[in-house]
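In: Coordinates only, no sequence provided:
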């Protein structure tokens, strides 16, 4: 069986395991105070160009979203997000569990637009009964989005400007951030993201780590964020597990290099699919490829290949997803191409 | 600096790292459906003598407590726990964050008594206004307790009987369960615990793993526990990280063997402390040793040794904790003894 | 100033005040155990044709919605509701504050359709990752809706059948229920509502009471609903205040009679508006009338008349609402008609 | 049956009903913007000597506690309260439902002491692991307490000073405030309370109103408190119901006058009980009288008199409560005395 179902199917980059082995019997204090966490944070600050950034390591994406949103919002506020956003749909109500509403915005290819955000906020405050409604308290975007698409630098700046106008924190979910930064033709850098947002996270789980996301507050974390992490059950006793992983990923550009592998293998697959006449659901510049398959064809391919079912396209067709990762080998791409009709 | 501050200061048992290395590039589905999770669960079921047990792997102790308690309680119920229980004091309000009250019970050496529990429940239902109060909804105990003490089998059975009488689930926090099971003179086995409780967890973080606790429902998990784990941000995408660790720990009795090391090193240390005339705060049969030091002496020892400050004993004395672990070497014990006056 | 802004602008029906006066110095136990609550419940049971119904009196609509939804849902469930539903928009996040998501359904004139509900539920369970999403746990409808429209008996039965198929409680928000039941041409009776729903409430605040909603569980309330009412701060010490009001409203058909007054005055106003050539935003059979005014005209009318701003229609027009109530006099309708251009 | 079970057994002071009658068909806007709310707030500001106070009217005590505490605390904070406080015991977990822990303080006769509060706060911050615990976020006291006792002005000032030192809001639950202010020998005035606290409420439900508590922020309410009131389902549409009641209670000192009646009737009863040799559980200067009865005697008296069962005293005795109110007549006291053996 050829495996392209998702980008979290392997373990960790070997350099991470190597570092875990080397440091294994060292004794360090817990809860993120070990020297590897300290070093990893310093490297991330440099990579972001934010010497004063406050950084926290959590274990997963839904957890990071719930902790960040639950910590930044005041209790009468909700988070604005694309209707296709991960926080809107696929987190089992984790945001509502913290007491907050997800205020859905229209989206295109997984992205929201500054103009639609601005219109929504204007309408909200124009309504004389707005004190009877949920206040918009922050904005959530994902980059890459759940559809593998990317914001341009201009788009990020425009959304950031609207947020600044309404004094709303902008939060960027970077579960697959590496693949966005390594994408061909993107003009968005880590420093751009740090400049445009109030908080974002650098995904590790899907980009070379066993687990872990680095939550970055470019300016300042909310007071007692550490305690709120604990309160949501998200504080690891052996924080070193996360520190060592991010320290390794941010040494010698490893994060960028392994992300690039996912892009190159995805590009090779996209070229082959295009040549074979497959129909794309949408064009994506990152590691997720969405293809429309006729249902019978889908079933036949499914005998050899594991891919993701995305959504029903129509009665006879389905959108499926092939995902590459930091660990995908060109050889696997060739194998996949060989079995695709 | 000699390090006895806690039992989560090292990485993982080498066999775990070895297994992570061997399986690293295998591709597996996520969220706990990989073959290592399946195999680990089967081994734990055997170890507990519960062929029908439902098992879930979470990452840490506070998380496990918050997810289990938040999932089992109905919204008008609280959890009964010793006033010194981890859920009562040291989880930053994680239980209350799920909307539930911790109903504190009196304790002795960290343990609650069946008789006091029974009296409390009787009084509760005897109060004519009980519908205006928080209903007792489950009972939480830790074994070993936060003070390193252990319940006897009889005590567990008695508490379990009171719970059964009031139809209350009994939840056992086993963050250090290995050290309890490996202790000299305990008559409590894993099978006893599975028999006496509705749910318990087998601690990995403090007993040889990088992270991870195995939550065991000997009979049946509450419906949709998986979704509630996700809702609290506790679901790992790469569930294999936990599966591989517990599969290793429950192969060839590794969990029991490495736990025994903590007991043996602790015993050696206790003997030496006794010979040197140190005063114990309480007698503990497990890996945590609580000693009363005069404050000046505490400061002097603190120059060479890292230990835990526990609580003020009186104006001139402090209770400190020395903890051994699965990874403590006898050589370290000898070093420690050498520097102790 | 002529007042048509809403249907909660007056005090209570005089018969209610009279009864409060008569019984004022009687001494009764609290929390809904007084004889007036008992009597009111019995009269409501009869009116609903449900001898076993369990009934609770709360003070307001948002409160009733939050308590009912927060009590019926399991923690991993959300409530399906029209995107224009009161719970979706105008309750300041009261539902999310209880930890639950409002799952929005498409609406037409404020109503949802059985077919759309059915399709949504089918799609939900067809999605292989549904355990990562919020479970649909109940359905909320309002009758009359926020747009003054009504379900037919057939529509209610169809929605009820879909709910039964998926084992979902159906909850009907009857903040203006009297006006729905008294409407011309409706074929829905109180008994129909009791038969088709798992829980509904009979609005008092907008239909003749000072405050108060009667929450009716035609079959059975969830266990310990009383305690959950208290837990959400919704339990009145002097429950008699609510009991006396509902006892009066359900004596000699008072509720139905005073509701009819709102319909008759609304009908007179609608006729006059039609004759004067006003444009209706939508046709409503109840006490709320939605008219599209040119903005300049709206301003001019606003000098003499208080009405509700509903929503922007286009750049030059606005939807406004005129509401009649149990207390509106025909004389006021004539006054309003006189000043309308 | 002679009724002394509680102080919320009657309706409202007749002047309130009279005012409700007079104003009944006036049309006013909702949600507390009517002229009676405006006027009542102004009168309360004067009575408190706080021209800038922000005031909100809620319906009941548990609700007021849950809304105030849930609005003032940050999510990682808890409320310090006497272990006998209403919020600790008798609110069905309403505080925990808002996500916050009640941090219990030792009490004597229902009161906390400034010195114990200070010691607790000092110990909290002295613990090196305080970031793993619930932060103390505010202090709750009741005056009169649940045991009918009162703080002196000095005690209030001392508690207030400790709160100021730690920057903690002090919240005073005044469900029976009138009876405290009217008590013989108290040196605490409404102005003292306004000066010493960050927020308090003036109880109406137990002091002459049908329902209603006036929440007073002497300086400033938290931002968007109105929306949070709505979010907790505590906003009345017909806010006039509360405005009219408090406007009446604060006209011509009515609140003070009717409170005094409860004290005078209680004093008469206490004198008689003393003469007859009854044993008091504690001395109380307000309207609640706690007497220790032998169980057989309790049963006999219970045939003629309704009183409250408070708590078991020992195997053979029970503490019972007799409560007077604004509405108790001396004639009733005489009747009660006549039947007491």
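Out: Cool, got the structure. Owing to the predicted nature of the structure, the values given are computational and were not obtained by experimental measurement. Numbering: from 1, shown residues only, chains lettered A, B, ... in the order given.

In: Enumerate every residue touching the residue of chain A positioned farthest from its centre.
Out: Centroid-distance maximum for chain A: residue A:128 at 36.6 Å, with C-alpha atoms, centre = their mean. Residues in contact with residue A:128, defined by C-beta atoms under 8 Å, 6 or more residues apart in numbering or on different chains, are residue C:309. From N, CA and C alone the C-beta is placed, and that goes for glycine too.

In: Equivalent analysis for residue A:125, please.
Out: With C-beta under 8 Å, 6+ apart, residue A:125 has no contacts at all.

In: what about it, which helix or strand?
Out: Secondary structure assignment for residue A:125, by DSSP states H and E: helix A:114-126.

In: mean confidence for that helix?
Out: Here helix A:114-126 scores 96 as its mean pLDDT.

In: The stretch 201-341 of chain A against chain D: which residues are in contact?
Out: A:223-224, A:226-228, A:230-231 (C-beta under 8 Å from any C-beta of the partner chain).

In: The worst-scoring helix or strand of chain A on mean pLDDT relative to helix C:114-126, how many degrees between them?
Out: For chain A, using mean pLDDT, DSSP states H and E, the weakest element among its helices and strands is strand A:308-314, scoring a mean of 92. Taking axes from the mean of the first three to the mean of the last three C-alpha atoms, to 10 degrees, strand A:308-314 and helix C:114-126 form an angle of 150 degrees between their directions.

In: buried stuff in strand A:308-314?
Out: A:308-310, A:313 (16 or more other C-beta atoms under 10 Å in any protein chain shown).

In: Follow the chain on from it and name the next helix or strand.
Out: Per DSSP H and E, the helix or strand that comes after strand A:308-314 is strand A:317-323.

In: which intervals of the stretch 151-300 of chain A have sub-threshold pLDDT?
Out: Along the stretch 151-300 of chain A, no part satisfies pLDDT under 70.

In: where do the strands sit along it?
Out: A:170-174, A:199-203, A:213-217, A:279-280, A:288-294 (DSSP state E, counting those that start in this stretch).

In: Now distance to residue D:95 and mean neighbour count too, for these, in a markdown table please.
Out: Below are those laid out as a markdown table (distance: least, C-beta to C-beta, whole Å; neighbours: other C-beta atoms under 10 Å in any protein chain shown):
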| stretch | distance to residue D:95 | mean neighbour count |
| --- | --- | --- |
| strand A:170-174 | 29 | 26 |
| strand A:199-203 | 30 | 27 |
| strand A:213-217 | 30 | 27 |
| strand A:279-280 | 54 | 14 |
| strand A:288-294 | 45 | 21 |
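
In: Kindly state which of those strands is positioned closest to residue B:335.
Out: strand A:213-217 (36.4 Å; C-beta to C-beta).

In: Measure how the closest one sits relative to strand A:170-174, angle-wise.
Out: 160 degrees.

In: Strand A:213-217 close to chain B?
Out: No - residues of strand A:213-217 are not located near chain B by C-beta under 8 Å from any C-beta, the shortest gap being 10.5 Å.

In: Partner strands of that strand and their direction?
Out: With DSSP bridges as the test, strand A:213-217 is paired with strand A:54-58 (antiparallel), strand A:199-203 (antiparallel).

In: circling back: which of the buried residues of strand A:308-314 come close to chain B?
Out: Answer for those near chain B: none qualify (C-beta under 8 Å from any C-beta).

In: Nearest to chain C, out of those residues: which one, please.
Out: Distance ranking of the buried residues of strand A:308-314 against chain C, using C-beta to the nearest C-beta, places residue A:309 first at 6.1 Å.

In: can you pull the contacts of the closest one?
Out: A:318, A:320-321, C:128.

In: is it in a bridge, and if so with what?
Out: Bridge pairing for residue A:309 - DSSP bridges - gives residue A:320.

In: My read is that residue A:258 contacts residue A:207, right?
Out: Yes - using C-beta atoms under 8 Å, residue A:258 is in contact with residue A:207, at 6.9 Å.

In: my read: residue A:131 touches residue D:226, true?
Out: Yes - using C-beta under 8 Å, residue A:131 makes contact with residue D:226 at a distance of 5.6 Å.

In: would the residue farthest from the centre of chain A count as being in a helix?
Out: No - counting by DSSP: H, G, I helix; E, B strand; the rest coil, residue A:128 is not found in a helix; it is coil.

In: Just the buried ones from the contacts of residue A:309?
Out: Burial by neighbour count, judged by 16+ other C-beta under 10 Å, picks out A:318, A:320-321 from these.

In: OK, contacts around residue A:292?
Out: Contacts of residue A:292 were listed using C-beta under 8 Å, 6+ apart, and they are A:278-281, A:313, A:317-319.

In: would you list those residues in JSON lines and tack on distance to residue B:287?
Out: JSON lines is the format used below for the contacts of residue A:292 (distance: C-beta to C-beta, whole Å):
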{"residue": "A:278", "distance to residue B:287": "59"}
{"residue": "A:279", "distance to residue B:287": "62"}
{"residue": "A:280", "distance to residue B:287": "58"}
{"residue": "A:281", "distance to residue B:287": "56"}
{"residue": "A:313", "distance to residue B:287": "58"}
{"residue": "A:317", "distance to residue B:287": "60"}
{"residue": "A:318", "distance to residue B:287": "55"}
{"residue": "A:319", "distance to residue B:287": "54"}
